[in-house]
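Student: Have a look; sequence and predicted model below, questions after that.
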Amino acid sequence: MAHPTNETGMAAVAPAVSVGHAQAREAIDDGVVTAKVRARLMADVVTKAYVIQVETFHGTVVLSGYVELATVRIRALALARELAGANEVKDALETRE
């Protein structure tokens, strides 16, 4: 089976490979951001007592879970927003006051 070629006669498969590499790189970057946010939350005196889930997709960090006070929620969001690599932070935390 022949591969499609471009004007130069070269096989036109490079864009698909580049897209795959870009997606893999983005997934790795998202994983690094998630790990860094989790580490910050666990090291912080205010947020370490809570189980806060962290997910990152295309640079957007989503925090979810339950916290007891609005101040904890605000602190968790601030820690995530301060991190380079977090393009946006979405708040899915629930407060049980």
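Tutor: Cool, the structure landed.

Student: Surely Val72 and Val46 touch.
Tutor: Yes. The pair Val72 and Val46 passes the contact test of CB atoms under 8 Å, sitting 5.9 Å apart. (C-beta placed from N, C-alpha, C; glycine too.)

Student: Could you give the bridge partners of the residue minimising distance to the centre of the chain?
Tutor: Using CA atoms, centre = their mean, the residue of the chain that lies closest to the mean C-alpha position is Thr56, 2.2 Å off. For Thr56, the beta-bridge assignment (DSSP bridges) gives partners Val61.

Student: show me what contacts it?
Tutor: Applying CB atoms under 8 Å, 6 or more residues apart in numbering to Thr56 gives the contacts 30-31, 33-34, 37, 62, 86.

Student: For it, give me the pLDDT.
Tutor: Among the per-residue scores, Thr56 shows a pLDDT of 93.

Student: Thr95 versus that one, what's the distance?
Tutor: Taken as CB to CB, to the nearest Å, the spacing of Thr56 relative to Thr95 amounts to 22 Å.

Student: Do you have the strands of this structure handy? List them.
Tutor: For the chain, the strands defined by DSSP state E occupy 52-57, 60-67, 88-95.

Student: Dump the ones you listed to a markdown table, plus distance to Ala80.
Tutor: Listed next are these as a markdown table, based on distance: least, CB to CB, whole Å:
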| stretch | distance to Ala80 |
| --- | --- |
| strand 52-57 | 8 |
| strand 60-67 | 5 |
| strand 88-95 | 5 |
